[in-house]
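Q: take a look and give me a structure for this.
(4 chains)
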Amino acid sequence: MPTEININDRNALVEVLSRDGDKVSISIDGKKYDADVVMVEEGVYSIIIDNKSHNIELIRTDNKNYKVNTYAKSYDVEIVDAESKYLKSRQRDDGDEEAVMSSPMPGKIVRILVKVGDKVKAGDTVIIVSAMKMESEYKVKKDRIIKDIKVKEGDTIQADQPLVVIE
Amino acid sequence: MPTEININDRNALVEVLSRDGDKVSISIDGKKYDADVVMVEEGVYSIIIDNKSHNIELIRTDNKNYKVNTYAKSYDVEIVDAESKYLKSRQRDDGDEEAVMSSPMPGKIVRILVKVGDKVKAGDTVIIVSAMKMESEYKVKKDRIIKDIKVKEGDTIQADQPLVVIE
Amino acid sequence: MIKKVLIANRGEIALRVMRSCREMGITSVAVFSESDRRSMHVRYADEAYFIGPSPSAESYLVIDKIIDAAKQSGADAIHPGYGFLSENAEFADRCKKEGIIFIGPSSYAIKTMGDKITARKTMVDAGVPVVPGSEMITDEKDAIKKIKEIGLPVMVKATAGGGGKGMRLVTKEKDIVSSLRAAQSEARAAFGNDAIYIEKYIKSPHHIEFQILGDTHGNVIHLFERECSVQRRHQKVVEETPSPLMTPEVRKEMGDFAVAAAKAVNYSGAGTIEFIVDEKLNYYFLEMNTRLQVEHPITERVVGVDLVKQQINIANGLELELKQDELRQYGHAIECRIYAEDPENNFMPSPGVIRHITEPLGLGVRHDGYVYEGFEIPIYYDPLISKLIVWAGTREEAIARMKRALYAYKITGVKTSIPFLNRIMETADFVKGKYNTNFIEKNSEFLMFPDKHEVKVEDVAIIAAYVDYLDRLNLQADVHSKNGQNSWKNCGRRLSFNRF
Amino acid sequence: MIKKVLIANRGEIALRVMRSCREMGITSVAVFSESDRRSMHVRYADEAYFIGPSPSAESYLVIDKIIDAAKQSGADAIHPGYGFLSENAEFADRCKKEGIIFIGPSSYAIKTMGDKITARKTMVDAGVPVVPGSEMITDEKDAIKKIKEIGLPVMVKATAGGGGKGMRLVTKEKDIVSSLRAAQSEARAAFGNDAIYIEKYIKSPHHIEFQILGDTHGNVIHLFERECSVQRRHQKVVEETPSPLMTPEVRKEMGDFAVAAAKAVNYSGAGTIEFIVDEKLNYYFLEMNTRLQVEHPITERVVGVDLVKQQINIANGLELELKQDELRQYGHAIECRIYAEDPENNFMPSPGVIRHITEPLGLGVRHDGYVYEGFEIPIYYDPLISKLIVWAGTREEAIARMKRALYAYKITGVKTSIPFLNRIMETADFVKGKYNTNFIEKNSEFLMFPDKHEVKVEDVAIIAAYVDYLDRLNLQADVHSKNGQNSWKNCGRRLSFNRF
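A: Reported below is the predicted structural model:
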């Protein structure tokens, strides 16, 4: 059974037809590739297809999401399995905004402008994060209630670490 | 209790006096060092003692044996624990020669000049190994009997892999 | 003679200075903040002193801590690099007071050139062309008169100003009065002072700078120009030398003025005179950087001089051995600044752990960096990872070489400006050498929207991700099925599989 | 014009050729054996063809396989690199027959220069000085007469000889007859042929070579010399240019002879004329290498020319743009060859997995390599890891820079020649530039027995090893105590700890 894979805005149907070690025969949206796929370094693949040499770098964001870099081009790839589909459908019910605010890059909490229980209006700034001398303000898109604050001012944070939970 | 550590031909008595994360206070042959010891890369240590910056590369040959490279100098370091002491005393009974012949570097078996059960004389060549176009002959130092041959001609071998067992 | 130098800096410039120290047989002393313990400058230096918490205001910028480390280590001299304390007159004075050689100019030169209005006056007195403009003005009539003298367009600026407040661009005569009033009222509100001054507005100028060297015996030479017009938000991105705009005549004139500018403040050490240049090759003094410049390597390459060694020799009181008429520019050099930032996401800094790095090698490539695999780029400092400098016989070949080097340069773990820089090398205006400080804005569409993705390349990306996904699924199933037995061994085996 | 080049090689030289191809907009095609699938040349190339098992006799040396790959890929041309098929006249002929451009000289030039006796004759005819010697001799009286003509010391060599058999050094007159007889009888026994020839014996000569370029229009130029006397077992270890031995007059003479030598075989492409030179600056043609030389980068650096691009332009039938009287040597360059070998253990090759590599960066450093972290150096090929090339204004500064670069260059996982090379840079004879091919033997004690170990450094080594030992003990205890529960997660945590 083919697997759904999202690459940027495209949704592709992918199926491994056969595999023998590094030699992988794979079908993508009906097109068949015979690929020699070798991980040469952790997260770095050398792939030869029809004698063309490709270098692909993967950054795993979680089990099924990847940032994929080819030369001068970067893709978001998601392997859509049953679990992801379920989560996606739930999220859609929840509106566009996620229930947990986080920063896409590591940094430091400069200021927290709310406290638990606060009612905030759409566009209000909730938290300010600094990374490399650049400050970013994180705002809510809709009227919300602050449910939990997971960090305090001065904290050093990781990328995607939960900062503030809203509802 | 101090631990015995062999470094090249020297035998040193070493004891950790205290440790707090990267900060290690250690005594070597009665001399005390306060060291800031950080593994910056796998097997690569940055050590600061009295504000002198040292870079040390370790290659673990097994649990307690290391090749240690400092700039332009290379050491063999062995942590002598109870087990090593026992093995050492046994080996000494056995004469200088080890019961298993192996090559210190990876390569390929070019020729095997003996078969199991052969009696060989001191100085006889048992096996020839090639690595990077250079051939090395491995000889016995005393009269011996070939007990087991673990490889065959043409085999690719790893460093220190057992090749021939003698008795 | 200097025997031991403390480098009051971090990152690539600390390494760059230490390399020259090592070649001269000088012991190098690093200083480091909490988040820099694993930094390469600490590993490379002969000695290393801890100077406090990660924020630079609590470590690299604290004069007392730097001086303490210098005294404790017995350093004869301090090299400030660029940024941090490099243009701090107080620091230069303090070094002098403590009997430590400051590798840089006198505090007088730093102070004079550090203040825009004093610098402007000093240059006018020395006969160096400055942007036509006025002194301080408080009367509206005087202002109007001056604007007519200078000719439109002009900038009206509050003398107390900063951050764009109290500043107005005037392009039409009918807007003069309203603009003046707006600037003054804004300045009054913001700074409590409505004094203004007028400057000729130069639209989309070139930014061209001259490297100079002065010794303590009054000799000053210049080492030709660097073209620095490829800028994003006033940050240089790509530099090259020679400038494609320059003619031998203008080069000579500007070089002579650069020398005159440096002499006007009895300059000793390495410094840079920045000019703005319009399309007609009219040039005006902009400012002087009284330190080593980030982009100094391109000058080193075409002139064949080690500028850090020159700085140290000058600090030692030696006379310059280089003579102006023996210097020449040989071939062409380009520098690209590689930042940990995400060009697809408004150049947001992208700190993090460097997972893999493949550095560009081979003919004509110089690489000045400091990161290594496993190193975490701290969030506290400038996100500059490294500088890639190429040289070739011609500008055309140098561009081809830079593209080749950028192609080979791979960093995973953090986002970098490499794809954006490659795109600059492909931009027609850059290839033709016809660009000014408006370059990035003008070419933003080409720069930000690369060619349509080929489905083929997309498919290869899918293959890599899917095979990796499947292999990891199998790996986990494998581990679970073993039920935790012999877990360490298994873990070790997987570890080595994963790595190699 | 050539649009696609197949590089019939591997390792650093394959990469080096591909870099220039990329700069010229030429598609590069790699070929690889079984053990080279992960090799950087495969990853760097645009296309890659598998050509068989790891032993080179079954892959890189098989003409049919290379030609097949070239045809399948549609390559217009083949670059042979050095070694493998680069000096194989049959291969050059085969390329021609198949309509593929061989980037190198004609098979006639390869054949003529490849045979020692034919080459010698050709040089004599062209007026190029060769080592004084005889033609083939079978009669003892003729031999004695000839030896007296040439003057002692001489080498008596069997024409059919090889491997040192049938060869005798004669230094005293009383030994002439016995040596002749010994050589002849040995040659008769070994090869069934007692013909011999006599050559003047040059003790501990210099090995100096000239780079030449010839085009298909009859133009030949030389790009000055390289001093290659630092040799171990006839393998070059360090090369530099200019040669410290050379005078401008001798350089001009030898350069002219090098050009004459190349013209004698209508040479086109890049080639090298090797001379042996005695202490009195008498020089003699030794041989010609009809290909790119390993040490070509030092010439590229001081002359400012990309030799691979020159080769490709020549193969395209273009006329040389470089003119002899416009070329000059600028500054000084040194190359060190970094081998995977153990200098403390009789230079035994040390293949294995590269665990970490820190490459030297900064001003004046060129690095031509191909390995990366996690790459396993195959056991089948030459153990050359990379070439480190430095440039500086003076020889003294170049040596200091090389030491600085070697200091920063760190490779773990395999043993390398780096410490030995550093020691060469510190040897008084090398520093003074007073050395010949006897250098390593003469200085073996200094080279092989570094300064007494400081106890201090030994103690630091102990600290590193012991702390690592203790941490690993704790790690294992930790894993065991968890009793295998949650092993995957635990393993992952450890993995990241271990790595960073």
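Q: what sits against C:Ile411?
A: Each residue near C:Ile411 by CB atoms under 8 Å, 6 or more residues apart in numbering or on different chains is listed here: C:Ile338, C:Ile354, C:His356, C:Ile357, C:Thr358, C:Val371, C:Ile385, C:Ile418. Every C-beta, even on glycine, is put in place using the N, C-alpha and C of the backbone.
Q: can you pick the most crowded of those?
A: Counting neighbours by other CB atoms under 10 Å in any protein chain shown, the top entry in these is C:Ile385, with 27 neighbours.
Q: relative to chain D, how far out is the nearest residue to C:Arg291 once chain neighbours are set aside?
A: Distances taken as CB to CB, 6 or more residues apart in numbering or on different chains put C:Ser86 closest to C:Arg291, at 4.1 Å, once the chain neighbours are dropped. Computed as CB to the nearest CB, to the nearest Å, the C:Ser86 to chain D distance reads 19 Å.
Q: what segments of the stretch 201-350 of chain C are strands?
A: For the stretch 201-350 of chain C, applying DSSP state E, counting those that start in this stretch gives strands covering C:206-214, C:220-232, C:235-241, C:269-277, C:283-289, C:332-339, C:341-342, C:348-349.
Q: tell me the strands beside the third one, with direction?
A: Think strand C:235-241. In the sheet, strand C:235-241 lines up against strand C:220-232 (antiparallel), strand C:332-339 (antiparallel) (DSSP bridges).
Q: can you check the first one too?
A: According to DSSP bridges, the neighbouring strands of strand C:206-214, each with its direction, are strand C:220-232 (antiparallel), strand C:269-277 (antiparallel).
Q: okay, now the domains of chain C?
A: Per the record, chain C has its domains at C:4-103, C:132-200, C:206-450, C:457-494, by automatic domain parsing.
Q: worst average pLDDT in these?
A: Per-stretch mean pLDDT for those is lowest at domain C:457-494 (a mean of 67).
Q: the residue in the stretch 251-400 of chain C positioned nearest to chain D: neighbour count?
A: With CB to the nearest CB, the shortest gap between the stretch 251-400 of chain C and chain D falls at C:Ala400, namely 4.1 Å. For C:Ala400, the count of nearby residues is 20 (other CB under 10 Å).
Q: quick one on the thing from earlier: the residue nearest to C:Arg291 should be in a helix, yeah?
A: No - counting by DSSP: H, G, I helix; E, B strand; the rest coil, C:Ser86 falls outside a helix, being coil.
Q: let me see the contact set for it.
A: Here C:Ser86 is in contact with C:Asn9, C:Pro80, C:Gly104, C:Thr290, C:Arg291, C:Leu292 (criterion: CB under 8 Å, 6+ apart).
Q: can you do 10 Å?
A: C:8-9, C:13, C:79-80, C:92, C:102-104, C:110, C:289-292 (CB atoms under 10 Å, 6 or more residues apart in numbering or on different chains).
Q: ok, back up a step: relative to A:Gly43, which of the strands of the stretch 201-350 of chain C is closest?
A: strand C:341-342 (18.1 Å; CB to CB).
Q: list phi and psi for the residue of the stretch 51-200 of chain C found nearest chain D.
A: Residue of the stretch 51-200 of chain C nearest chain D, by CB to the nearest CB: C:Gly81 (14.2 Å). Dihedral pair for C:Gly81: phi 60, psi -140, per degrees, to the nearest 10.
Q: now do the contacts for it.
A: By CB under 10 Å, 6+ apart, the neighbours of C:Gly81 are C:7-17, C:41, C:60, C:103-104, C:291-292, C:294, C:308.
Q: among the residues you listed, which are located in helices?
A: With helices taken from DSSP state H, the overlap with the contacts of C:Gly81 comprises C:Gly11, C:Glu12, C:Ile13, C:Ala14, C:Leu15, C:Arg16, C:Val17, C:His41, C:Val308.
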